[in-house]
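> build me a model from this:
(2 chains)
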Protein chains: 2
Amino acid sequence: MTPYKEMSKEQLIAEKESLNKQYQEFLAMNLHLDMSRGKPCKEQLDISMGMMDVLNSRVDLRCEDGTDCRNYGCLDGIPEAKELLGDMMENHPDNIIIYGNSSLNVMYDTVARAMTHGIMGNTPWCKLDKVKFLCPVPGYDRHFAITEYFGIEMIPVPMSPEGPDMDMVEELVSSDEAIKGIWCVPKYSNPQGYSYSDQTVRRFSQLKPAAHDFRIFWDNAYGIHHLYDDDQDYLVEILSECKKAGNPDMVYKFASTSKITFPGSGIAALATSLNNLEDIKKQLKNQTIGHDKVNQLRHVRFFKDIHGMTEHMRKHAAIIRPKFEMVENMLEEGLGGLGIGEWTKPKGGYFISFDAMEGCASHIVSRAKKAGVIMTGAGATWPYGKDPKDSNIRIAPTLPPVSELETAARLFVLCVKLVSVEKLLGEL
Amino acid sequence: MTPYKEMSKEQLIAEKESLNKQYQEFLAMNLHLDMSRGKPCKEQLDISMGMMDVLNSRVDLRCEDGTDCRNYGCLDGIPEAKELLGDMMENHPDNIIIYGNSSLNVMYDTVARAMTHGIMGNTPWCKLDKVKFLCPVPGYDRHFAITEYFGIEMIPVPMSPEGPDMDMVEELVSSDEAIKGIWCVPKYSNPQGYSYSDQTVRRFSQLKPAAHDFRIFWDNAYGIHHLYDDDQDYLVEILSECKKAGNPDMVYKFASTSKITFPGSGIAALATSLNNLEDIKKQLKNQTIGHDKVNQLRHVRFFKDIHGMTEHMRKHAAIIRPKFEMVENMLEEGLGGLGIGEWTKPKGGYFISFDAMEGCASHIVSRAKKAGVIMTGAGATWPYGKDPKDSNIRIAPTLPPVSELETAARLFVLCVKLVSVEKLLGEL
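Okay, the predicted model is just below:
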């Protein structure tokens, strides 16, 4: 393939004409496909249906310590759920609170609590003139939505395959007391699928924040969400690193079973130091009497233990791996060598990140939408929805069936080419 | 019986001696009984076990509108859950958001949102010098815990069998802009079991608050929790009354299935005006992707409709009615005519409210505790845990088995008598 940038104007015009014809054919197909959100597909949900059978009217709903899971109580979760999610998160059960159905909700509450009550005796953030968060970019739009909602200023920090730019993180965190947090998806990051290197995690643990109440918001959403059996990323465990580095209270770590069992009907968890836990429970006891213990028990009885969960994740991988590979192959076949886009090839998680030529992302997404394929909105991976280069697009390949995904990916490739030609022709 | 106040000193001393002997016998019994919290008993939980069977791996988990309840989405609840809880709350499904497992959590979030973001464009409460809530007393300790946690000043308002003192409510609400809310348990109130009269509800709907963002926090926790088939309280529906009175946005109404199915594993709901709903959803969409739809579906499939729920509540009543009646009978037998205490005889809800002589409640509770019977802490029914007369005690008769409850009630009666004698002898 000739790189587009090396084409003459005439070649580009001819290419555009050919691409436009293909685009018209897509328009005629009247597609309705969705690659916008990281949602599991039907086949993935089906593999957890056994969870609907482990509890029934003949089953004793008391947990190990004798607590009747059907009644009030147990603020921080039943012991066996703490053990299971502790194994999943690589943390001691004593460091864990089991929450309700959404780790996003836990993150929101964590920020909300810091706003109104402060962290471990520090000034409530709502009483400060300015609160800032660092936001590795591209990143997760729902993280940015929380901080934006609370009026927290977001500072983008560039990502690399090793993680966030740690020179920049160290410099900012140690010099600016207004910086109270950083959003991290440390493993199979959203959207790039990068996993932070050992060195990056260690540098995180050794931060010397200007703010006493600086916290790392470590959203380990994809901790066990590998695509491959034999080629997996490993992540150094952040709580123990922080403890070793003398910063035991610097991290809130979040996880859930949303993309393990049923999104929205799973269980979420927070792992953090005992000091932080004590601080959090002071609030939590006013917020609720306890989370859904029956659902905690359901999860534990279904998986039995972390080995059961690991085996379960293999089934997910078997379903979505071909989808990732197909999209990657189609990107390679359609765009390889054209010099108009780059993309990641993650070993886990839920997304592929695509970088188009500058100023092209929003045009690509709207072209795809016009032909019936919904992508995540351009800019969504940046704070305030503003990608300064207008180049990043998040691809979520898990939800559509393979046949539809193929069509969607073909259209996406076409849109990238079409918009890139127009860009090079100076038409955008 | 001779009223204690008419007894001579000698009579009182003799009575005290006899009571003390009985108390020693209780001490020897080494009891461990709990009448402290409004928890359903095992038999009540058992009647909902069928709910564990309605969903299994062979059941289609899509709801009426085709949404797969196993996946992300549906911020405000599935349509059939809105319909069921709408019928339960006597509100239109369009006015309802279905939440997670705890209405307390919804109330907390409602206050928290007002603190950080204000209500419908008004100044966030955290930016105000002073925020106050009216608290009908005696009331629910967990309500007071939320407002205390957020530093909201609580003003007690006396309850009568008709509801809160509405002269006082009207006067305060219309004259003080810092008063932003009032906590209400309008039906089978906690702890007295009073239901607000028609006139009280109408006066609520016609309030003319000085604060634009004043809201009635209407916790209809016991809306269908009758003890009797043929003798039930009726409550005028507050949303429609407020609408008629030109105050459509003045109420947040809360309810849940906690004491219908399983506490902590039920579903909660908020009913309010469309304006309020819009305001709330602006926050909610940042806080979560959605609540547990599978559990919503489970509840709907179990009850089928409001008739199923009503029939279900009859089973609860059959279990707990004898407990209420036994405690009431023992109070009457043991204390009737002695002039040392008054108590309520509710037709529904979860509590009996007992008023001892002034200065006696905390002594009675600690006496009972010493003999192994846990009551709700004295003062708990007042803001800041401070009952100025130290007289109110909440009795929660539902949890213990009948035989244990009888023992506990006997001990309670004894403690009331003993402490009252000591009080009259000037020994406290």
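> now the helices for chain A?
A:9-29, A:42-46, A:79-89, A:103-117, A:141-149, A:166-175, A:198-205, A:238-244, A:274-287, A:293-303, A:306-335, A:361-370, A:402-424 (DSSP state H).
> make JSON lines out of these and add mean pLDDT and mean neighbour count.
Bear in mind the C-beta positions are built from the backbone N, C-alpha and C, glycine included. Shown next, in JSON lines, are these (pLDDT from 0 to 100; neighbours: other C-beta atoms under 10 Å in any protein chain shown):
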{"stretch": "helix A:9-29", "mean pLDDT": "97", "mean neighbour count": "14"}
{"stretch": "helix A:42-46", "mean pLDDT": "98", "mean neighbour count": "17"}
{"stretch": "helix A:79-89", "mean pLDDT": "98", "mean neighbour count": "22"}
{"stretch": "helix A:103-117", "mean pLDDT": "98", "mean neighbour count": "23"}
{"stretch": "helix A:141-149", "mean pLDDT": "98", "mean neighbour count": "21"}
{"stretch": "helix A:166-175", "mean pLDDT": "98", "mean neighbour count": "16"}
{"stretch": "helix A:198-205", "mean pLDDT": "98", "mean neighbour count": "20"}
{"stretch": "helix A:238-244", "mean pLDDT": "98", "mean neighbour count": "19"}
{"stretch": "helix A:274-287", "mean pLDDT": "98", "mean neighbour count": "17"}
{"stretch": "helix A:293-303", "mean pLDDT": "98", "mean neighbour count": "24"}
{"stretch": "helix A:306-335", "mean pLDDT": "98", "mean neighbour count": "17"}
{"stretch": "helix A:361-370", "mean pLDDT": "98", "mean neighbour count": "21"}
{"stretch": "helix A:402-424", "mean pLDDT": "97", "mean neighbour count": "21"}
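> columns distance to chain B on top of those helices, output as JSON lines?
Output for these, formatted as JSON lines (distance: least, C-beta to the nearest C-beta, whole Å):
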{"stretch": "helix A:9-29", "distance to chain B": "23"}
{"stretch": "helix A:42-46", "distance to chain B": "4"}
{"stretch": "helix A:79-89", "distance to chain B": "13"}
{"stretch": "helix A:103-117", "distance to chain B": "4"}
{"stretch": "helix A:141-149", "distance to chain B": "4"}
{"stretch": "helix A:166-175", "distance to chain B": "24"}
{"stretch": "helix A:198-205", "distance to chain B": "26"}
{"stretch": "helix A:238-244", "distance to chain B": "25"}
{"stretch": "helix A:274-287", "distance to chain B": "4"}
{"stretch": "helix A:293-303", "distance to chain B": "4"}
{"stretch": "helix A:306-335", "distance to chain B": "14"}
{"stretch": "helix A:361-370", "distance to chain B": "19"}
{"stretch": "helix A:402-424", "distance to chain B": "16"}
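> select, out of those helices, the one closest to B:I179.
Proximity to B:I179 (C-beta to C-beta) singles out helix A:103-117 among those, at 19.8 Å.
> contacts for the closest one, please.
With C-beta atoms under 8 Å, 6 or more residues apart in numbering or on different chains as the test, helix A:103-117 has contacts from A:99, A:119, A:124-126, A:142-143, A:146-147, A:150, A:152, A:180-181, A:213, A:215, A:217, A:219, A:221, A:252, A:254-256, A:258, A:268-270, A:280, A:283, A:287, B:112, B:115-116, B:126, B:149-150, B:286-289.
> how about stretch A:313-329?
A:40-41, A:43-44, A:47, A:224-229, A:259-260, A:343, A:345-346, A:352, A:395, A:397-398, A:400, A:402, A:405-406, A:409.
> ok, 6 Å please
A:E43, A:Q44, A:I47, A:I224, A:H226, A:L227, A:K345, A:P397, A:T398, A:L405, A:A409 (C-beta atoms under 6 Å, 6 or more residues apart in numbering or on different chains).
> excluding residues flanking it in the chain, which one is nearest the third one?
This means A:I47. Excluding the flanking residues, the one nearest A:I47 by C-beta to C-beta, 6 or more residues apart in numbering or on different chains is A:K315, at 4.7 Å.
> repeat that for A:C184.
A:C184 sits nearest to A:W218 (C-beta to C-beta, 6+ apart), 5.1 Å away.
> surely that neighbour meets A:K253?
Yes - A:W218 lies in contact with A:K253 (C-beta atoms under 6 Å); the separation is 4.4 Å.
> neighbour-wise, which of the two wins?
A:W218 (28 against 25; other C-beta atoms under 10 Å in any protein chain shown).
> and the more buried one, what does it touch?
A:C184, A:I238, A:V251, A:K253.
> ok, now how distant is the residue nearest to A:I47 from A:A371?
Separation of A:K315 from A:A371 (C-beta to C-beta, to the nearest Å): 33 Å.
> on that earlier part again, farthest pair within the contacts of stretch A:313-329?
The widest separation within the contacts of stretch A:313-329 (C-beta to C-beta) is 26.5 Å, between A:I224 and A:A409.
> redo the contacts of stretch A:313-329 as a markdown table? Include distance to B:M330.
Below are the contacts of stretch A:313-329 laid out as a markdown table (distance: C-beta to C-beta, whole Å):
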| residue | distance to B:M330 |
| --- | --- |
| A:E43 | 61 |
| A:Q44 | 58 |
| A:I47 | 56 |
| A:I224 | 56 |
| A:H226 | 63 |
| A:L227 | 66 |
| A:K345 | 74 |
| A:P397 | 67 |
| A:T398 | 62 |
| A:L405 | 70 |
| A:A409 | 74 |
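> which residues touch the closest residue to chain B within the stretch 301-428 of chain A?
Closest to chain B within the stretch 301-428 of chain A is A:L399: 8.6 Å, counting by C-beta to the nearest C-beta. For A:L399, the contact set (C-beta under 6 Å, 6+ apart) comprises A:D34, A:K39, A:C41.
> ok, and of those residues, which contact chain B?
Checked against chain B using C-beta under 6 Å from any C-beta of the partner chain, the contacts of A:L399 yield the following neighbours: A:K39.
> which of the contacts of A:L399 count as buried?
Buried residues within the contacts of A:L399, counting neighbours by 16 or more other C-beta atoms under 10 Å in any protein chain shown: A:K39, A:C41.
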